[in-house]
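Engineer: The sequence and its predicted three-dimensional model are supplied below.
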Amino acid sequence: MQQRMIGERKVSAVGLGGMPMSIEGRPDERQSIQTIHAALDAGVTLIDTADAYHRDAHEVGHNEELIARALREYGADDEILVATKGGHLRPGDGTWTRNGDPEYLKRAAKESAQRLGVEAIGLYQFHRPDPDVPYAESVGALRELLDEGVIRMAGISNADIAQIDEAQRVLDGRLVSVQNQFSPAFRSSQDELEHCASLGIAFLPWSPLGGIKNAKDLAGRHSAFQDVAEEVGVSVYQVTLAWELALAPVVIPIPGASRPTSIQDSARATELTLTSEQIARLSA
């Protein structure tokens with residue numbers, strides 16, 4: 001599988017987003033583990049998660065523990081990079097809240113490391129800015145975690161250009177990733193994608209197919225993607241991910257999956273090369 005860089009770490013050009021395996025409508029545990037194993041079989045070496053990927057209030061870290069269990073069963077080695085996040089919370093009533101307090105983030109990171117069963121988290125990302133806490137203070141917690149060796153790499157999520165630059169400053173140039181929403185239906189992070197490309201920072205689109213509820217409508221809502229899919233004889237999902245990969249060498253989509261066939265199909269997007277005409281048509 002094609003590879004890309006996060007910091008100095010090589011990972012697969014398409015990762016696996018773990019959220020659908022832990023929130024509302026999730027499959028049974030065995031199917032989820034089979035999905036993770038299918039991703040590894042397909043050459044995926046980046047798995048995205050967060051302590052907030054859970055359904056009920058009492059099961060914080062559900063997805064982290066699920067991924068750790070699947071990796072142990074598989075006998076996965078150190079080539080697999082698990083990226084997790086902190087600072088976004090689910091109280092268990094279907095809502096989301098934020099906590100960017102530095103002390104909370106440091107504690108959350110150490111708890112995530114325990115659930116993942118690692119001495120140091122491969123990539124830890126500040127999940128979402130907290131309007132009640134200065135951004136530099138929240139990111140400062142990541143700097144301390146790096147310096148203490150609790151995490152090996154630091155990233156941010158749901159950030160604008162000013163926050164990217166501020167994080168890079170606070171982290172003394174050690175910011176390696178930005179994880180923002182980006183898809184054919186949601187292109188407002190295009191400027192952040194291009195800014196990351198100019199800085200050589202990995203850009204990880206979340207919901208790259210439009211999200212759990214909307215992915216199935218991708219062909220109907222964006223006919224150009226379906227047209228290209230028919231031209232090249234692959235799924236519209238593969239075309240969408242291949243288009244995103246073609247936008248910049250720093251792009252690493254992380255499509256969510258809850259079935260083995262879904263992630264296997266997504267992984268094949270790295271083998272698809274679109275023509276410049278097709279890319280232009282999709283971008284338009």
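Structural biologist: Happy to help now that I have it. Numbers count the residues shown, from 1 in each chain.

Engineer: gap between residue 76 and residue 100?
Structural biologist: 32 Å (CB to CB, to the nearest Å). C-beta: built from backbone N, CA, C; applies to glycine.

Engineer: The two - which one has more neighbours?
Structural biologist: residue 100 (23 against 18; other CB atoms under 10 Å).

Engineer: What is the burial count for residue 217?
Structural biologist: By other CB under 10 Å, 12 other residues sit near residue 217.

Engineer: how close does it get to residue 30?
Structural biologist: From residue 217 across to residue 30, the span is 29 Å (CB to CB).

Engineer: How about residue 54?
Structural biologist: When residue 54 is compared with residue 30 (using CB to CB), they lie 18 Å apart.

Engineer: higher neighbour count, the two?
Structural biologist: A direct count of neighbours by other CB under 10 Å for residue 54 and residue 30 places residue 54 higher, at 23 against 8.

Engineer: dump the residue contacts of that one.
Structural biologist: Neighbour list for residue 54: 22-23, 60-63, 90 [criterion: CB atoms under 8 Å, 6 or more residues apart in numbering].

Engineer: Most neighbours of all those residues, which one?
Structural biologist: Going by other CB under 10 Å, residue 63 tops the contacts of residue 54 with 29 neighbours.

Engineer: what's the strand or helix carrying that residue packed up against?
Structural biologist: Secondary structure assignment for residue 63, by DSSP states H and E: helix 62-74. For helix 62-74, the packing partners by 3 or more CB pairs under 8 Å, 6 or more residues apart in numbering; DSSP states H and E come out as helix 29-41, strand 81-86, helix 102-116.

Engineer: For the stretch 151-284 of the chain, which segments are assigned as strands?
Structural biologist: Counting by DSSP state E, counting those that start in this stretch, one finds strands in the stretch 151-284 of the chain at the ranges 154-157, 175-179, 202-203.

Engineer: which other residues reach the shortest one?
Structural biologist: In other words, strand 202-203. With contact meaning CB under 8 Å, 6+ apart, strand 202-203 is reached by 4-7, 155, 176-180, 182, 192-193, 196-197, 248, 250-252.

Engineer: Could you do the second one as well?
Structural biologist: Taking CB under 8 Å, 6+ apart as the criterion, the residues outside strand 175-179 that touch it are 6-7, 48, 83, 85, 123, 125, 153-159, 164, 167-168, 192, 196, 201-206, 254.

Engineer: how about 7 Å then?
Structural biologist: Applying CB atoms under 7 Å, 6 or more residues apart in numbering, the set of residues contacting strand 175-179 from outside is 6-7, 123, 125, 153-157, 159, 164, 167-168, 192, 196, 201-204, 206.

Engineer: Emit the ChimeraX select command for whichever of these are buried.
Structural biologist: Here is the ChimeraX command that picks out the buried ones among these, judged by 16 or more other CB atoms under 10 Å:
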select :6,7,123,125,153,154,155,156,157,159,164,167,168,192,196,201,202,203,204,206
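
Engineer: how many other residues sit next to residue 261?
Structural biologist: Quick note: residue 261 (other CB under 10 Å) scores 10 neighbours.

Engineer: quick one: low-confidence ranges for the chain?
Structural biologist: In the predicted model of the chain, residues 213-215 satisfy pLDDT under 70.

Engineer: can you do 90?
Structural biologist: 77-78, 91-95, 211-222 (pLDDT under 90).

Engineer: For the residue sitting furthest away from the middle of it, which non-adjacent residue is closest in space?
Structural biologist: Note on the chain: the largest C-alpha distance from the chain mean falls to residue 231, namely 29.0 Å (CA atoms, centre = their mean). Sequence neighbours aside, residue 278 is the residue nearest to residue 231 in space, at 7.4 Å (criterion: CB to CB, 6 or more residues apart in numbering).

Engineer: surely the one you found meets residue 230?
Structural biologist: No - applying CB atoms under 7 Å as the test, residue 278 and residue 230 come out as separate, 11.7 Å apart.

Engineer: So these two - more neighbours on which side?
Structural biologist: Set side by side, residue 278 and residue 230 show more neighbours around residue 278, with 20 against 12, by other CB under 10 Å.

Engineer: could you check the distance from that one over to residue 243?
Structural biologist: 8 Å.

Engineer: List the contacts of residue 120.
Structural biologist: Residues near residue 120 by CB under 7 Å, 6+ apart: 113, 149-152.
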